[in-house]
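Asks: After the sequence you'll find the predicted model.
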Amino acid sequence: MIDYESLRIIWWVLIGVLLIGFAVTDGFDLGVGALLTLVGRTDQERRVMINTIGPHWDGNQVWFVTAGGALFAAWPLIYAAAFSGFYVALALTLIALWMRPLGFDYRSKLTNPTWRKSWDWALFAGGLVPALIFGVAFGNLLLGVPFEYDNMLKPTYSGSFWGLLTPFAILCGLVSVAMILNHGSVWLQLKTDGKLQNRSRSVSVVLSIATAVLFALAGVYLALGVDGYVITSAIDTYATSNPMKKEVIVESGAWLQNYAKYPWMIIAPVLGIAGALACAALSKVNRSGFAFVASALSIAGIILTAGFSMFPFLMPSSTVPAASLTMWDATSSYLTLKIMFGVACVLVPVILAYTTYCFYVMRGRIKEADLNQSHTIY
Amino acid sequence: MNETLVELSRLQFAMTAMFHFIFVPLTLGLSFLLAIMESVYVMTGKEIYKQMTKFWGKLFGINFAIGVATGLTMEFQFGMNWSYYSHYVGDIFGAPLAVEALMAFFLESTFVGLFFFGWDKMSKRKHLATTWLVAIGSNLSALWILIANGWMQYPVGAEFNVESMRMEMLSFSEMIFNPVAQVKFVHTVSAGYVTGAMFVLAISSYYLLNHKEIAFARRSFAIAASFGLASVLSVIVLGDESGYELGDVQQVKLAAVEAEYETHPAPAPFTLFGIPNDETQEVDYAVRIPYLMGIIATRSLDEEVMGLKDHEKRHRERIISGIEAHKVLDVVRDGTATDAQQAQFDAHKADMGYALLLEPFVEDITKPTPEAIEKAVDYSIPAVAPLFWSFRIMVASGFAMLLIFGLSFYYSTKHQITKPRWLLKIALWGLPLPWIASEAGWFVAEYGRQPWSIAEILPVHTAVSNLTESDVIFTLVAYTSFYTVMFIVAFYLMQKFARKGPTQLAKEQEEIAERERVLMRLDSEGENS
């Protein structure tokens, strides 16, 4: 029998897996969208780029939807406080994401150049805006979010949209943009040939190095300029979820304490930087398959670094630190976590199996000549 | 308590949900029709059925894209606009949404990619399996979302936990087998099949009226007519009525839909027509059919259907009872309650939600004035006229489609080659009917739930996020503008491709491909020289 504490840890891991799964799969098609006008010079090239992700973007996007659903089911307090708090930012993300299904499917249905160019820019925004905002959101989680609870445990956010754009948060946004765009360019190396592939390789080299440098800078900033949060009261990891039952203090350098306490956690930032640098080198020598793996590992490392640094915090409150949400007091009940874990155990392997099958069927590079072969192509 | 914020948030939810629901029924129905057409192709080997699958698949794609886009909003706006809702019932309500994503969205979305791009990369049978999986995926997603929605209407298998200040799950299976959810599922997916069938029937009729794509249109017409007839019968026969017996909200909804202000002696008459008047609580100019209502709602001749006036009486009692629970809530949460206080809480906690209805009318819900209680009672009943009318619009559209599908089925079995022009015209002009019916039906279900977001547990004004009005105005304006543009674009493409038809479309695409091949050759020659 699994106990409540283990389930809470399992769900921390599962949400992490979902976020990484989202960034690794949907990340490359967000990246391709954002690079559409930069890497694709002609209409044909842009169509090739869109068709490399044509069969996959929708399945990939479900990682995002599932992350939303899983937050709702496993961490309802986070789902409630974060989404209403980051209200305008999330709305902008959604609007940007709407552009993608329509852009992919509709763009090449008419030949009018203005029509196609408009969709190119819509797809650019659809890739760039979410990547930027997700990074900024993570930056703000690390900084602490101005929210509090009333007596009924209703959350109220007292910041503003512009308040999200602090230097550290913008730096995190840039890390995310570099990482996602890089992932897109590595995908393009893998799925295209000729000029398009060469151009993607050069872009990858630049963006991988940018990812490593920006991520390292964010690490330094986090160590020196961002105060962390520490729980000072005893933690009951089995208690009923209620965030108002603990004491929390703000302390400089606290976000690095976990790396001293659990030295193995250092693997995450190392992976973030080493993966990105390896990706640059592998792109340079044209080993695109390995470059893709390196980029994926780098993404996993970067996301885990954020999670490890804050552990066990999920969403600290800057106005009322005691109201901070942690993985011990923001979860669903024992029964819900258990049932949802059972559901995930059955379904996630099945999902991975058919997703792999789909990528297998659609393997191979897309060439310009392919565009005229089939009339179901975008 | 900010009434404008509540109204704006409700408006936004209604707008985004009803907009999303323009595309969902067509996806549900058309995916099955595609699977049927492709099955015929694989079984008979006739190329025309493959063309049909591809052509209707193209229109399916245009609809699917905008459905996916608008569905994203739905997944996130509970947290964005209804944060206390998310906190209060996330422990139960989040589960079906997460299962929906894992079990249905992944399936549908992964295989829809293979459906469009896998034609030349997979064997016939594997591609057919892909198409079926898209259809199954989209229908499974309807199942889980309606389990979630059914729980909002009739919340079973959950209990309030004072320590976490929220509802927590007691039984997942009770939630899944919630009878309200089950009837809703059958009713909604059947309505989706009707939508898909009407879409194919109407466009096929358009070709037949214009004497083009005859072989193609005749076959599509026949498949749509039989599938549509079966589905429309299922919508009507398995209709929502059986759900109305359960739960308070369902009963109030039924009484409001029928404008039953009074409890009539059993068996109650059915009001065929009339003008409901909330002021006088009477139906003006009513035309009533004796006995019918009692039979529909209770399947008996001796049970009463409770009228709204009696519901109000009951609600008054429950509001007063709920106040008793709120009076001791704080001490119960602290753990400092005496046995008597604990007993008082346990006796009244089932009515806690009713006391929350007082929130818009008093500062402190434990000390209401008699006027505030009367206002809350009044507030506990949704406005009758919108429900009365939208229900009748839904039913009338349903029966009109029964007629269209019935005639179409008759003519496609008896007179396979030619069909009367009047029938084709009705079938073409009947195209909007399934959408009118679906949206009206959605309105009845959700407006009829007011003022509750979760029946008897959480009123909408408590569920709403603490946002500023300008936040919600910003998103309402932005969402509405983008949705309008998106709709115009999708509609333009849809009608353009539908008008062209499969033959002309294939020809044009071949011409474009040829032109681009020439351009590419010129390009590469230019580079070489």
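Replies: Okay, I see it.

Asks: quick one: pLDDT of B:T503?
Replies: You'll see B:T503 listed with a pLDDT of 87.

Asks: do the one 10 residues further on as well
Replies: Reading off the per-residue confidence, B:A513 sits at a pLDDT of 74.

Asks: doesn't it fall inside a helix?
Replies: Yes - the assignment for B:A513 by DSSP: H, G, I helix; E, B strand; the rest coil puts it in a helix.

Asks: Give the buried residues for stretch A:113-129.
Replies: Within stretch A:113-129, the residues that count as buried by 16 or more other C-beta atoms under 10 Å in any protein chain shown are A:116, A:119-120, A:122-129. The way it works is simple: take the backbone N, C-alpha and C, and place the C-beta from them, glycine included.

Asks: Check the average confidence over it, would you?
Replies: Mean predicted lDDT for stretch A:113-129 stands at 95.

Asks: Redo the buried residues of stretch A:113-129 as CSV? Include distance to chain B and secondary structure.
Replies: Listed next are these as CSV, based on distance: C-beta to the nearest C-beta, whole Å; DSSP: H, G, I helix; E, B strand; the rest coil:
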residue, distance to chain B, secondary structure
A:R116, 13, helix
A:W119, 10, helix
A:D120, 15, helix
A:A122, 10, helix
A:L123, 13, helix
A:F124, 16, helix
A:A125, 12, helix
A:G126, 10, helix
A:G127, 15, helix
A:L128, 17, helix
A:V129, 13, helix
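
Asks: of all those residues, which comes closest to A:V177?
Replies: If you rank these by distance to A:V177 using C-beta to C-beta, A:L128 comes first, at 6.8 Å.

Asks: My guess is that closest one contacts A:L174. True?
Replies: No - contact criterion C-beta atoms under 8 Å: A:L128 and A:L174 do not qualify, at 11.5 Å.

Asks: for B:T336, phi and psi?
Replies: phi -100, psi 10 (degrees, to the nearest 10).

Asks: for residue 273, what are its contacts?
Replies: You didn't say which chain, so I picked chain A. Going by C-beta atoms under 8 Å, 6 or more residues apart in numbering or on different chains, A:I273 touches A:212, A:215-216, A:298, A:301.

Asks: I was after chain B.
Replies: The contact partners of B:F273, by C-beta under 8 Å, 6+ apart, come to B:285-287.

Asks: Just the CA atoms of the helix or strand where it lies, as PDB, please.
Replies: Assigned by DSSP states H and E, B:F273 belongs to strand B:270-277. Extracted in PDB, the C-alpha atoms of strand B:270-277 (Å, rounded to 0.1, in the frame of the first residue of the first chain):
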ATOM      1  CA  PHE B 270     -47.400  19.400 -20.200                       C
ATOM      2  CA  THR B 271     -47.300  23.000 -21.300                       C
ATOM      3  CA  LEU B 272     -47.000  22.900 -25.100                       C
ATOM      4  CA  PHE B 273     -47.000  26.700 -25.500                       C
ATOM      5  CA  GLY B 274     -47.400  29.800 -23.300                       C
ATOM      6  CA  ILE B 275     -45.600  32.900 -22.100                       C
ATOM      7  CA  PRO B 276     -43.900  32.400 -18.700                       C
ATOM      8  CA  ASN B 277     -44.200  35.400 -16.400                       C
END
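
Asks: secondary structure class for whatever residue of the stretch 251-400 of chain B ends up closest to chain A?
Replies: In the stretch 251-400 of chain B, the residue that lies nearest chain A is B:D330 (7.9 Å; C-beta to the nearest C-beta). Per three-state DSSP, the secondary structure class of B:D330 is helix.

Asks: Need the pLDDT of it.
Replies: 90.

Asks: To what extent is the residue lying closest to it once chain neighbours are set aside buried, counted in neighbours?
Replies: In this structure, B:D330 finds its nearest non-sequential neighbour in A:N151, 7.9 Å apart by C-beta to C-beta, 6 or more residues apart in numbering or on different chains. Per other C-beta atoms under 10 Å in any protein chain shown, the neighbour tally for A:N151 reads 10.

Asks: And A:N151, how close does it get to B:D334?
Replies: A:N151 sits 11 Å away from B:D334, going by C-beta to C-beta, to the nearest Å.

Asks: and residue 138, what does it touch?
Replies: Going with chain A. When contacts are counted by C-beta under 8 Å, 6+ apart, A:F138 touches A:172, A:176, A:306.

Asks: To clarify, I was referring to chain B.
Replies: B:S138 neighbours (C-beta under 8 Å, 6+ apart): B:27-28, B:31, B:104, B:108.

Asks: count of residues packed around whatever residue of chain A ends up closest to chain B?
Replies: Across chain A, no residue is closer to chain B than A:P76, which sits at 2.5 Å (C-beta to the nearest C-beta). Using other C-beta under 10 Å, A:P76 has 31 neighbouring residues.

Asks: Which pLDDT does the model give it?
Replies: Note for A:P76: predicted pLDDT of 96.

Asks: any idea how far it lies from B:Y49?
Replies: Distance of A:P76 to B:Y49, given as C-beta to C-beta: 47 Å.

Asks: do the same with A:H56
Replies: Relative to B:Y49, A:H56 is positioned 28 Å away (C-beta to C-beta).

Asks: Which secondary structure element is home to the residue lying closest to B:E213 once chain neighbours are set aside?
Replies: Of all residues not flanking B:E213 in the chain, B:Y207 sits nearest, at 4.2 Å (C-beta to C-beta, 6+ apart). Assessed by DSSP H and E, B:Y207 sits inside helix B:179-209.

Asks: And A:A323, how far from A:S317?
Replies: Taking C-beta to C-beta as the measure, A:A323 falls 4 Å from A:S317.

Asks: For the lengthiest helix in chain A, buried residues please.
Replies: When chain A is parsed with DSSP state H, its longest helix is helix A:4-39. For helix A:4-39, the neighbour count (16+ other C-beta under 10 Å) marks A:4, A:7-8, A:10-12, A:14-36, A:39 as buried.

Asks: is it possible to export the contacts of B:F273 to JSON lines including neighbour count?
Replies: Listed next are these as JSON lines, based on neighbours: other C-beta atoms under 10 Å in any protein chain shown:
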{"residue": "B:Y285", "neighbour count": "7"}
{"residue": "B:A286", "neighbour count": "14"}
{"residue": "B:V287", "neighbour count": "11"}
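
Asks: ok, and which of those residues reach chain A?
Replies: Applying C-beta under 8 Å from any C-beta of the partner chain to the contacts of B:F273, one finds that nothing falls near chain A.

Asks: taking those residues one by one, which sit in strands?
Replies: Counting by DSSP state E, the contacts of B:F273 place B:285-287 in strands.

Asks: Let me know the closest of the residues you listed to B:A268.
Replies: Minimum distance to B:A268 across the ones in strands among the contacts of B:F273 is 12.5 Å, recorded for B:A286 (C-beta to C-beta).

Asks: and the nearest residue to the closest one once chain neighbours are set aside, what does it touch?
Replies: Leaving out its chain neighbours, the residue that sits closest to B:A286 by C-beta to C-beta, 6+ apart is B:G274, at 3.6 Å. By C-beta under 8 Å, 6+ apart, B:G274 lies in contact with B:259, B:283-288, B:388.

Asks: Mind doing that once more with 10 Å?
Replies: B:258-259, B:282-288, B:388 (C-beta atoms under 10 Å, 6 or more residues apart in numbering or on different chains).

Asks: From those, keep the buried residues only.
Replies: Among the contacts of B:G274, those classed as buried by 16+ other C-beta under 10 Å are B:258-259, B:283, B:288, B:388.
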